[in-house]
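A.B. asks: Fold the following for me, if possible:
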Amino acid sequence: MQLLRDRLTPAVITQYETAGLWRDTTACEVLEENARRFPDRVAIVDGRMRLTYGEYWSAVQRLATKFVELGLTRDDVVAIQLPNWIEFAVAVNAAMLAGIPFCQFHADFRAKEVEFVLSFAEATCFVFAQEFRGFAYAPMVDEMRARLPRLKHLMMVGDKVPSTAFDLRAFLAERTHRIDDAALRARRPNGNDLCRVSFTSGTTGDPKAVQHTYNTTISACYICNHNQLLDADGATLIFLPVGLNWGLMLIVQSILAGAKAVLMDRFDAGAMMELINREKITHFASAPAAVIAMLDHPDLKKYDLGSLRAYVVGGASCPIEVIRRAERDIAGRLLEMYGMLETGSQAQTLMSDDPERVVGLVGRQVPEVPLRILDDNDRDVPVGTAGEIANIGPSVTPGYYNNPSANERAFTKDGWFKTGDLGVLDGDGYLKIVGRKKEMIIRGGANIYPREIEEVLFKHPAIADCAVIGTPHPRTGEQVVACVVVRPGQTFGFEEMSAFLAPQIAKYKVPERLELVDVLPRTPTGKVQKGRLRDLIEAQEPAR
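C.D. replies: As a prediction, this is how the structure comes out:
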């Protein structure tokens, strides 16, 4: 996969390097320095084990050497589908160290989604779990293998790995594989080389594979660390899926800060607070739902949460009642952030902000990533007027892979990235999100594209017509609602819908609500009027 370099001009490179925003590091240089300076400091923890910085660095070197021995180069892609396990962090950093682009995606993805990602990314090596949450991945991969001619190497993480795959967990546990330091140093990439590819639109007809270099990736993490005061004395709790962008960023942020990363593969409010207590967690990030779950937990007062400094929420605006309760009952500061895969952090509230002043807002723009509000002709709108949010800066993607039409739509002529989100800047420079041009649903911080779910629903024999929309939800920001027209003489219920969708799409995409309707409102050209449909559904009582 070749990097789109149109926006990586010599002038842009010089600008960000001179400003110190591009440091030409893969994060592995920082990891190596951490291992040299404090080899016995705990670096990363999951439910099975703990690694010091010295052990972490050694594991990364050994796996990177293995990648080189397999013949993987910068022209290959390592795909990674793992839960929040230490092996994920090792695989990501090993790919970076060996100069091989990687593509991580959600552990909940199933056959249709996984095959699409592996095919479009042209993955050569696939690192995946043997089993997680009762799902066995090997049969799924075996079934699609013949349709993926570029996929040459399978690496599986588990306790009973079949002989058809490389046993990554056993390999890392042995700690005997030689490290080819000379080969690895010769392979280290340039900061402007392709680091990773992440998908924003699943299996829709307009796939968007977001490309990021090492420089755009690392600069986004440095910016967050600075704004959230994460340093070497910090400890980050990561329960956001590492297969999504934010979870990955938290791992890289921890390395850059020299902090401890604590991975949690199944969210539970009680277990989360126990980890905060035991591991002396200083930071975590989530949708507002996790904070609400903490506040509503009957054992909230049982745990010592005094180590917390800051916890960042995004994906949905946090209600003022929740902010006030959090300020009263949870240590540290609740910060709100607006960002996305393509740009990194764009705006956020800070420790110095008055929570009452910034309620409903997502803070001021991040200085390193300038922000504009544009009209439909890409012209700036007056203060207080709604328009499309656009950004430029060191953490912004160079563009989408193999999608010139998407790049043409996404960037202005002078290089600003148009987010598709609608916002308003007030007189003090604070940003409020007011809507989206896109139909994308954001549920609990995860992006969900309705068409992907609709395509699967249309396969059910009882369904004559359907549309998927998002409606407001107090805990997750939005809920996914399936609006279905049933064929005459057929029946279709919520349980049947859930069972039908579960094997085909990720669990977090399965609608929480089903509405049976007689007909979908459409325009004269046949397009579903989702705005009108949303108004009709919101006026009704939830039905399941």
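
A.B. asks: Stretch 449-464: end-to-end distance?
C.D. replies: 20 Å (Cα to Cα, to the nearest Å).

A.B. asks: avg pLDDT for it?
C.D. replies: Averaged over stretch 449-464, pLDDT sits at 86.

A.B. asks: what's in contact with that stretch?
C.D. replies: The contact list for stretch 449-464, computed with Cβ atoms under 8 Å, 6 or more residues apart in numbering, reads 112, 201-205, 439-441, 466-470, 480, 482, 484-487, 490-492, 496-497, 500-501, 504-505, 509-511, 530. In short, each C-beta sits where N, CA and C put it, glycine included.

A.B. asks: Got a ChimeraX select line for the buried ones in those residues?
C.D. replies: Applying 16 or more other Cβ atoms under 10 Å to the contacts of stretch 449-464 leaves a buried subset, and the ChimeraX line that selects it is:
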select :112,201,202,203,204,439,440,441,466,467,468,469,470,480,482,484,485,486,492,497,500,501,504,505,509,510,511,530
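
A.B. asks: so of the contacts of stretch 449-464, which ones are in strands?
C.D. replies: Counting by DSSP state E, the contacts of stretch 449-464 place 441, 466-470, 480, 482, 484-486 in strands.

A.B. asks: Checking Thr419 next. Helix, strand or coil?
C.D. replies: Under DSSP: H, G, I helix; E, B strand; the rest coil, the three-state class of Thr419 is strand.

A.B. asks: Pull the number of nearby residues for it.
C.D. replies: 24 (other Cβ atoms under 10 Å).

A.B. asks: Name whatever forms a beta bridge with the residue nearest to it when sequence neighbours are not counted.
C.D. replies: Spatially, and ignoring its direct neighbours in sequence, Thr419 is nearest to Ile389 (4.6 Å; Cβ to Cβ, 6 or more residues apart in numbering). Per DSSP bridges, the residues bridged to Ile389 are Ile373.

A.B. asks: quick one: contacts for Ile389?
C.D. replies: So Ile389 contacts 346, 371-374, 418-419, 421-423, 431, 433 (Cβ under 8 Å, 6+ apart).

A.B. asks: redo that, cut-off 6 Å
C.D. replies: 419, 421, 423 (Cβ atoms under 6 Å, 6 or more residues apart in numbering).

A.B. asks: Output those residues in JSON lines, with distance to Ile255 and pLDDT appended to each entry.
C.D. replies: Output for the contacts of Ile389, formatted as JSON lines (distance: Cβ to Cβ, whole Å; pLDDT from 0 to 100):
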{"residue": "Thr419", "distance to Ile255": "28", "pLDDT": "92"}
{"residue": "Asp421", "distance to Ile255": "30", "pLDDT": "85"}
{"residue": "Gly423", "distance to Ile255": "32", "pLDDT": "88"}
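
A.B. asks: I'd like these written out as CSV, with distance to Ala121 added.
C.D. replies: Output for the contacts of Ile389, formatted as CSV (distance: Cβ to Cβ, whole Å):
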residue, distance to Ala121
Thr419, 23
Asp421, 26
Gly423, 31
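
A.B. asks: quick revisit: please tell me how far the residue nearest to Thr419 sits from Glu478.
C.D. replies: 18 Å (Cβ to Cβ, to the nearest Å).

A.B. asks: Also Val358?
C.D. replies: 21 Å.

A.B. asks: Neighbour count for those two, which is higher?
C.D. replies: The neighbour count for Val358 versus Glu478, taken as other Cβ under 10 Å, is higher for Val358 (22 against 19).
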